[in-house]
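In: predicted model and sequence below, questions to follow.
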Amino acid sequence: MPRLRLIVCETPDELAIAMGLSAAEAGEWRFQHALLKRLKEIVLRQGITDAEVAKRAGMSRAKITAILNGDLDHVSSDLLVRILAGLGYRVRVSVARPPGRLNPWFRRVRPPRPCRRLRLRPRA
C-alpha cells in the first residue's frame, strides 16, 4: 500500500496552489470563500437557525446546513449571493489590480508560504 501524504493548508490561496488550480479557478475559490465567511458571520451574529436561513433563501435546510459547514461542492457564487439576499444583504464586488504586481497569483519574487506537509503511516 502506498504511503499517503497529508497536506495542511491554512488559507484558500494555499489550498488552490496545492491543488494546482489555475489563476481563474483560484480567484473564484477566494470569492466563494469570502462569501461563505461573511454568511457564517451573519448567521452567528443574528443567531438564526439553518432552517430559518433556508426559509428566507427559499432552499432546503439540508443544502443550507451543508453550505454553512463549508461544503461548496456544486455551489455557485450566485447561490451564495442569493442566500445573502434572502437574509437582507446585498453583495458589492470591487475589481482592482494590486499596485506593483502584474498578477498577484503567480508571484516570482516571493512565493507564497508553502503548506505544511505531514506524513501518515498506513494502519497495520
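Out: Thanks, I have the structure now.

In: can you show me the strands along this structure?
Out: For the chain, applying DSSP state E gives strands covering 4-8, 116-120.

In: confidence-wise, which of the ones you listed is weakest overall?
Out: Among the strands of the chain, strand 116-120 has the lowest mean pLDDT, at a mean of 52.

In: which strands and helices sit next to the longest helix along the chain?
Out: In the chain, ranked by residue count with DSSP state H as the criterion, the top helix is helix 23-46. Using 3 or more C-beta pairs under 8 Å, 6 or more residues apart in numbering; DSSP states H and E, the elements in contact with helix 23-46 are helix 12-19, helix 61-68, helix 77-86. C-beta coordinates here come from the backbone N, C-alpha and C atoms, glycine included.

In: how far out from the middle of the chain is the second one?
Out: Read that as helix 61-68. 15 Å (C-alpha atoms, centre = their mean, to the nearest Å).

In: please apply the same query to the first one.
Out: Its chain's C-alpha centre and that of helix 12-19 lie 11 Å apart, by C-alpha atoms, centre = their mean.

In: what about it, average pLDDT?
Out: Helix 12-19 comes out at a mean pLDDT of 76.

In: understood, closing this out.
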